[in-house]
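Novice: Sequence below, structure please.
(chains A, B, C and D)
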Number of protein chains: 2
Amino acid sequence: MSEQKIRNMEEFAALSGLSRPTVSKYFNDPASVRPKTRERIEAALERYDFRPNIFAVNQNRSLTKNVGIVVPYLADPFFAEIARIIELRCIEAGFSPILYSAHGERKLEKEILEGLTALKPAGVFMAPLGRLSDRAAIERFCRDVPTVLFDSNIEGMGEAFVGSDNFSFVKQTVDYLCRTGSPPCFFEMRNPANPNANKRRHAYIRIMEEAGLEPHVVKVEGEGWGFEEIGRQGAHDVIASGGLATDTVLCSNDRLAIGFLAACYERGLRVGRGEGCALRIASHDDHPFSRFTCPSLTTAAHEYEAVADKCMETLFSLIEAGGRFGARTETLIPARLILRASA
Amino acid sequence: MSEQKIRNMEEFAALSGLSRPTVSKYFNDPASVRPKTRERIEAALERYDFRPNIFAVNQNRSLTKNVGIVVPYLADPFFAEIARIIELRCIEAGFSPILYSAHGERKLEKEILEGLTALKPAGVFMAPLGRLSDRAAIERFCRDVPTVLFDSNIEGMGEAFVGSDNFSFVKQTVDYLCRTGSPPCFFEMRNPANPNANKRRHAYIRIMEEAGLEPHVVKVEGEGWGFEEIGRQGAHDVIASGGLATDTVLCSNDRLAIGFLAACYERGLRVGRGEGCALRIASHDDHPFSRFTCPSLTTAAHEYEAVADKCMETLFSLIEAGGRFGARTETLIPARLILRASA
DNA sequence: CCTGAAAATTAGCGCGCGTAAAGAAAAATC
DNA sequence: GATTTTTCTTTACGCGCGCTAATTTTCAGG
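Specialist: Residues are numbered from 1 along each chain as shown, chains lettered A, B, ... in the order given. Next comes the predicted model:
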């Protein structure tokens, strides 16, 4: 880490007493050169701190070490958390993860995909916006780039999907709520952008009907990514209008539940399963903050690590398979029920 | 968006009936060619969907349109939120933001900076880890790349700093708490990594002393980025041991306060300023979730938009100034007190 | 129609590296 | 020690575009 500045691989090769192609070979795979040669290069590397020009490298390689991670809204702690783990896994595996957020906007998601294609990534993890996504844009992208979809499934898109088994999520919460009290109504947004919301509603209805119970779906208004506020306002409205058919509420996701809990607190309604509680509230996702709500939230948890690991594993075999699977694979990971104080 | 695939600018230029240098000129600045020529290129662009190879472009330009955004921990909603706004502003301004999280690790932060240097970014926004940062690495980086520090100041690093006026934050909360009840103690982590924490403690002590009041600083144990849990555990400990000198608590930041509120709820302590409340709790940051805590959190808010705008403005003038300012500038943005239910 | 500035063209170098082919050198095998 | 195999060197081309210098074309104003 001293001496003059190296300008290119040619100079660096000369300083290490080797030819450029040999040094180039080393950077593509350090094990591909003779151990003695490798030592010489690494010794020179210590002294001169040279790194191959990333643009020139990527221009000449058909595939880079880049891996794209695309999420619909990074300021949502759920996506921040899953992206965090995937990103760390990529780094461990020697890739260069590049993180993108669509900021909830169809247009931005499309632009991200267009820009990402140009980066010739080895593979991409993508959690699409869902209903708002530009299907044609995603389809085009997936034709060019090996893609693993996660969180939100879009039928037929990408080579694989890794997500949650929404039926398992709802099954566990509904069963638990029925077992320990009265059956829940289902609280959700009227027009959810995320397909998981629809799957959860369907699962709820089916599970209730199979148990011979009448499903009650409560839909509240609201658009965008401010789910907590939508949940809070919706809860106020539905409670004030007496629209809540039960004393047990199963929220479609934790962010809505956080808003619901806030509304209950504001109305002086005690939530929980104990004596003097007016309502029980449960939910899905194990949002990073659900541990700290008041009361803490009973929820069906994503296996964050398992989802991330499965994503990585899938993309690895996809890359090794040359970017295409024979058939699209779908992995659904079941939920883990977490009992806390809210239900 | 039809016809065959274009392989390079040469081909695209031929198809638009122009020469490559002219087309190149257009991509560098569409206004630099004659309007009629521009129309022809844009017409061809509609039909053929060509984009210059990003690697080749960046290799030959001394400066790219890349802008780095580096934060210490992206799964912290505070950083996710500020990064979100900065990223959107960059896109609006025609830059290509690239978002990095150090994941709380010194080594990763260093590696990010090394990789970022190679991308020849036009500029970088960086919120350093703070105490854990590798000062030498940051210093080296800032010599190579025009950098605007934000959130955490490190004296002398980067060409400019944009952050919060911590004195203003604490002044407003302390004054409010004193005015409407009794003076607060100050609740914080023992070894905060973020320099803002130290500035807030100093501000608290100074403000209390100037008001002729005795400052009480309550320090709790804990490492890492799980601030809510640290706050929760710390609150339990300090309440159980009777270590709380006052019935009013000012938390160093909202994430600690969220944990504190959780502990209070668990202990059946009512928080707020009304009748029957055992404690008042206030804090700083206006964390995205502080609106939805129970009770909602009285806090000193960052002007997220103002901070982001000032960051952008600073980086723009820095880029226009050729990457160097004569003297390092520091912009401190005051807080906006937000009264909610917790105090 | 002429004229001169503005814009486009042609031609060509350079960026830094991947990669291929052919021969030389080194290491491994017998 | 001779032969085979592996590794390295040399030479050379290609990637796609930025940029420049010299030339030609375009177009507006007189």
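Novice: DNA strand D contacts on the stretch 1-150 of chain A?
Specialist: With Cβ under 7 Å from any atom of the strand as the criterion, the stretch 1-150 of chain A meets DNA strand D at residues A:17-22, A:25, A:32-34, A:36-37, A:56, A:59-60. Every C-beta, even on glycine, is put in place using the N, C-alpha and C of the backbone.
Novice: Now which of those residues would you call buried?
Specialist: Those of these that meet the buried threshold are A:18, A:22, A:25, A:33, A:37, A:59, by 16 or more other Cβ atoms under 10 Å in any protein chain shown.
Novice: Confirm the second one sits in a helix?
Specialist: Yes - following the definition DSSP: H, G, I helix; E, B strand; the rest coil, residue A:22 is counted among the residues of a helix.
Novice: which residues touch it?
Specialist: Residue A:22 makes contact with A:13, A:33, A:37, according to Cβ atoms under 8 Å, 6 or more residues apart in numbering or on different chains.
Novice: Which residues of chain A lie near DNA strand C?
Specialist: Going by Cβ under 7 Å from any atom of the strand, the residues of chain A near DNA strand C are A:7-10, A:20-21, A:24, A:27-28, A:34, A:36, A:52-53, A:56-57, A:59-62.
Novice: Give me the domain ranges for chain A.
Specialist: Following automatic domain parsing, one gets these domains for chain A: A:9-52, A:66-164+A:305-333, A:166-301.
Novice: Export those to TSV and append columns for mean pLDDT.
Specialist: What follows is the domains of chain A, written out as TSV (pLDDT from 0 to 100):
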stretch	mean pLDDT
domain A:9-52	92
domain A:66-164+A:305-333	95
domain A:166-301	96
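Novice: list the contacts for residue A:63?
Specialist: A:120, A:122.
Novice: That one: helix or strand, and which one exactly?
Specialist: For residue A:63, there is no host helix or strand (DSSP states H and E).
Novice: For DNA strand C, what's its nearest residue on the stretch 201-343 of chain A.
Specialist: Using Cβ to the nearest atom of the strand, residue A:322 is the residue of the stretch 201-343 of chain A that sits closest to DNA strand C, at 14.8 Å.
Novice: tell me the secondary structure for that residue?
Specialist: Under three-state DSSP, residue A:322 comes out as coil.
Novice: Phi first, then psi, for it.
Specialist: phi 80, psi 20 (degrees, to the nearest 10).
Novice: quick one: it and DNA strand D, what's the gap?
Specialist: As defined by Cβ to the nearest atom of the strand, to the nearest Å, residue A:322 lies at a distance of 20 Å from DNA strand D.
Novice: isn't residue A:144 right up against residue A:116?
Specialist: No - the criterion here is Cβ atoms under 8 Å, and residue A:144 misses it with residue A:116 at 9.3 Å.
Novice: Neighbour count: these two, which is higher?
Specialist: It is residue A:116, of residue A:144 and residue A:116, that has more neighbours when counted by other Cβ atoms under 10 Å in any protein chain shown, with 22 against 15.
Novice: Pretty sure that one sits against residue A:142.
Specialist: No - using Cβ under 8 Å, residue A:116 is not in contact with residue A:142, being 11.3 Å away.
Novice: Check the stretch 151-300 of chain A for the residue nearest DNA strand C and tell me.
Specialist: For the stretch 151-300 of chain A, Cβ to the nearest atom of the strand, closest residue to DNA strand C: residue A:159, 23.1 Å.
Novice: For that residue, which residues are in contact?
Specialist: A:142, A:146-148, A:318, A:323-325, A:328-329.
Novice: quick one: the strands in the stretch 1-150 of chain A?
Specialist: A:66-71, A:96-101, A:123-126, A:147-150 (DSSP state E, counting those that start in this stretch).
Novice: Please report how far the residue in the stretch 151-300 of chain A that DNA strand D sits nearest to lies from residue A:317.
Specialist: Per Cβ to the nearest atom of the strand, residue A:159 is where the stretch 151-300 of chain A lies closest to DNA strand D, at 24.7 Å. In this structure, residue A:159 and residue A:317 are separated by 10 Å, where distance is defined by Cβ to Cβ, to the nearest Å.
Novice: Ok, residue A:24 next?
Specialist: 28 Å.
Novice: Pull the contacting residues for the closest residue to residue A:334 other than its chain neighbours.
Specialist: Spatially, and ignoring its direct neighbours in sequence, residue A:334 is nearest to residue A:168 (3.8 Å; Cβ to Cβ, 6 or more residues apart in numbering or on different chains). By Cβ under 8 Å, 6+ apart, the residues touching residue A:168 are A:300, A:332, A:334-335.
Novice: Out of these, who's the most crowded?
Specialist: Going by other Cβ under 10 Å, residue A:300 tops those with 28 neighbours.
Novice: OK, contacts around that one?
Specialist: Residue A:300 neighbours (Cβ under 8 Å, 6+ apart): A:168-170, A:172-173, A:282-286, A:335-338.
Novice: Which ones among the residues you listed lie within strands?
Specialist: Secondary structure defined by DSSP state E assigns A:282-285, A:336-338 of those to strands.
Novice: out of everything not next to it in sequence, what's closest to the residue of the stretch 201-343 of chain A found nearest DNA strand D?
Specialist: Relative to DNA strand D, the nearest point of the stretch 201-343 of chain A is residue A:323 (18.3 Å; Cβ to the nearest atom of the strand). Excluding the flanking residues, the one nearest residue A:323 by Cβ to Cβ, 6+ apart is residue A:146, at 3.9 Å.
Novice: Which stretches in chain A count as helices?
Specialist: A:9-15, A:20-28, A:35-48, A:54-60, A:77-92, A:106-118, A:135-144, A:166-180, A:195-210, A:227-240, A:254-266, A:304-320 (DSSP state H).
Novice: Please work out which of those is packed deepest.
Specialist: Mean neighbour count (mean count of other Cβ atoms under 10 Å in any protein chain shown) peaks for helix A:254-266 among the helices of chain A, with a mean of 26.
Novice: which of the buried ones among the residues of the stretch 1-150 of chain A next to DNA strand D sit farthest apart?
Specialist: Among those, the pair separated by the greatest distance (Cβ to Cβ) is A:37 and A:59, at 25.9 Å.
Novice: quick revisit: let me see the backbone angles for the residue of the stretch 151-300 of chain A closest to DNA strand D.
Specialist: phi -90, psi -20.
Novice: swap in residue A:152?
Specialist: Torsion angles, degrees, to the nearest 10, at residue A:152: phi -100, psi 120.
Novice: that older thread, shared neighbours, residue A:159 and residue A:317?
Specialist: By Cβ under 8 Å, 6+ apart, no residue touches both residue A:159 and residue A:317.
Novice: For residue A:340, give me its contacts.
Specialist: Residue A:340 touches A:290-291, A:295-299, counting by Cβ under 8 Å, 6+ apart.
Novice: one more time with 10 Å, if that's ok
Specialist: A:272, A:282, A:286, A:290-291, A:293, A:295-299 (Cβ atoms under 10 Å, 6 or more residues apart in numbering or on different chains).
Novice: cool, and residue A:149?
Specialist: A:70, A:124-128, A:138, A:142, A:157-163, A:311, A:314, A:328, A:330.
Novice: cool, residue A:231 as well?
Specialist: A:187-189, A:220, A:222, A:251-263, A:283, B:292 are the contacts of residue A:231 under Cβ under 10 Å, 6+ apart.
Novice: if you set the cut-off to 6 Å instead, what comes out?
Specialist: A:256, A:259-260 (Cβ atoms under 6 Å, 6 or more residues apart in numbering or on different chains).
Novice: Can you tell me which of those residues is nearest chain B?
Specialist: residue A:259 (6.2 Å; Cβ to the nearest Cβ).
Novice: Apart from its neighbours in sequence, what residue is nearest that closest one?
Specialist: residue A:231 is the one closest to residue A:259 (Cβ to Cβ, 6+ apart), at 2.6 Å.
Novice: Need phi/psi at residue A:303.
Specialist: phi -90, psi 80.
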